[in-house]
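>>> Fold the following and give me the result.
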Amino acid sequence: MHRPWYQQFWPWFLIVLPLCAVVASLYTLHLASTNADTMVVDDYYKKGRAINQDLSELKEAERLGLMAELGYADGQITLRMQGEHTEGEPVRLRFTHPTLAEQDVQALLTTDAAGVYRFRPDHALLNGLWNLQLEAFDRRWRMQQRIRLPIADKLVIRAGQ
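As a prediction, this is how the structure comes out:
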């Protein structure tokens, strides 16, 4: 006796394979449309013009002979500044992750009585590469360096490196 096509294995096998490809492509389309690429800059011209200003801020930090000693332990960041900067001046701190913008951390730090800047981020910083940026409150100087977390003991950042 001959069975109808819908009760046989091979027609269903041949239908399921392309159906899986269609479902996978729809899922890929969903992922692409809901997760924007954070590395793409919308206003690239404006960003490019800002590079010249950035260079002057870096040169100012080098002229002042700035040096920072950074520590990161138990989820707390400690920072000591040396050089010709105003004592007790607030400092902007930024940790930017190269690929995960939602992990970026920034804060405006002030010193304690011992002259140490302290900060405890809301979430733990991920191990790996980070872009560290320190700048004056009024943005007249800036220091930056790519660092790897966790820091073994202390990390020294010198202007002009």
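
>>> use CA for all of it now, contacts and neighbours both
OK.

>>> center of the chain, which residue is that?
The residue lying closest to the centre of the chain (Cα atoms, centre = their mean) is residue 97, at 1.8 Å.

>>> Return the residues in contact with it.
103-104, 129-131 (Cα atoms under 8 Å, 6 or more residues apart in numbering).

>>> got a winner among the residues you listed for most neighbours?
residue 130 (20 neighbours; other Cα atoms under 10 Å).

>>> Against residue 92, how distant is it?
In this view, residue 130 and residue 92 are 16 Å apart by Cα to Cα, to the nearest Å.

>>> could you dump the contacts of residue 97 to CSV with secondary structure?
Below are the contacts of residue 97 laid out as CSV (DSSP: H, G, I helix; E, B strand; the rest coil):
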residue, secondary structure
103, helix
104, coil
129, strand
130, strand
131, strand
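
>>> from the residues you listed, which is closest to residue 33?
When these are compared for distance to residue 33 (Cα to Cα), residue 103 wins out at 20.7 Å.

>>> need the strands for this protein, in chain order.
Remark: strands assigned in the chain by DSSP state E are 67-73, 76-82, 91-96, 105-109, 117-119, 128-136, 142-149, 155-158.
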